[in-house]
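# predicted coordinates and the sequence they were generated for:
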Amino acid sequence: MTITRKTLSFLFIALLFAAIGIYVGTKRFEPAPPADTAVGALMQLRLPDASGKTQPLSSWQGKTLVVNFWATWCPPCVDEMPELVALQNDLGATGVQVLGIGIDSPSNIRQFAEKHQITYPLLVGGMEGTELSRQFGNQAGGLPFTVLIGQDGRVRQTYVGRLDLAKVRADLSSL
């Protein structure tokens, strides 16, 4: 039995489309990698802090940033905040800056900041904060979500869920 050129062409095209289908199918379920363009978008933002004063995020450009997306109604977010305060207190002098971007209302964030005496900036991201976290790879929109950004403006690590601060400290020391 001889194989014609037409049959070979058909077989090649079928195999090509099968390979493309397998590739697309496997890529669909991988988490999206954080885009460093998200850092650029972050640095262009001006967000109100807990007291209502607008803060340009570009004022923290060039520092190592630990950007924590959180909400007052999120128990793991609230649980990790004392550790983030300790991290800021321990490493702030070395150029590390913790920033909290609240996915909540300005009044809830203000009341929370007053009650808990958080020593790092708490900014009001509102629902736009959820979209910003998605740009960093948080496709599910889960909280807490934390992004480690190097001094060079590149995303170094992302963390979903309650932080393991020993891991964060190890990641920071490797920068």
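Here it is on my side, so go on. Numbering: from 1, shown residues only.

# from here on, just use CA atoms for contacts and neighbour counts.
Noted.

# contacts only, for L42.
By C-alpha atoms under 8 Å, 6 or more residues apart in numbering, L42 lies in contact with 57, 132.

# for stretch 124-131, buried residues please.
Buried residues in stretch 124-131, defined by neighbour count with 16 or more other C-alpha atoms under 10 Å: 124-126, 129-130.

# meant to ask about stretch 41-52, not that
Neighbour-count burial for stretch 41-52 flags 42-43, 46-51 (criterion: 16+ other C-alpha under 10 Å).

# and what of stretch 92-102?
Using 16+ other C-alpha under 10 Å as the test for burial, stretch 92-102 gives 92, 96-102.

# please parse this structure into its domains.
As given by automatic domain parsing, the domain ranges for the chain are 1-30, 37-173.

# what segments of the protein are helices?
Ranges of helices in the chain, per DSSP state H, are 5-28, 37-44, 75-91, 106-116, 126-135, 165-173.

# so which of these is the most surrounded?
Highest mean neighbour count among those (mean count of other C-alpha atoms under 10 Å): helix 126-135, with a mean of 18.

# what is it packed up against?
With contacts taken as 3 or more C-alpha pairs under 8 Å, 6 or more residues apart in numbering; DSSP states H and E, helix 126-135 sits against helix 37-44, strand 96-102.

# who's in contact with it?
Helix 126-135 has contacts (C-alpha under 8 Å, 6+ apart) with 34-35, 38, 42, 69, 101-106, 139-141, 145.

# just curious, which of these is nearest to T119?
I101 (13.7 Å; C-alpha to C-alpha).

# so G95 sits against K63, correct?
Yes. In this structure G95 lies within contact range of K63 using C-alpha atoms under 8 Å: 5.5 Å.

# per-residue pLDDT, P33?
If you check P33, the pLDDT there is 45.

# one more: A113?
A113 is given a pLDDT of 91.

# so what's it closest to, chain neighbours aside?
For A113, ignoring the flanking residues on the chain, the nearest one in space by C-alpha to C-alpha, 6 or more residues apart in numbering is A50 at 6.6 Å.

# surely that neighbour meets K115?
No. A50 is beyond contact range of K115, at 11.6 Å (criterion: C-alpha under 8 Å).

# so who does Q97 touch?
With C-alpha under 8 Å, 6+ apart, Q97 has these contacts: 60, 63-66, 88, 91, 120.

# filter those down to the buried ones and hand me the PyMOL line.
A single PyMOL command selects the buried members of these (16+ other C-alpha under 10 Å):
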select buried, resi 60+63+64+65+66+88+120
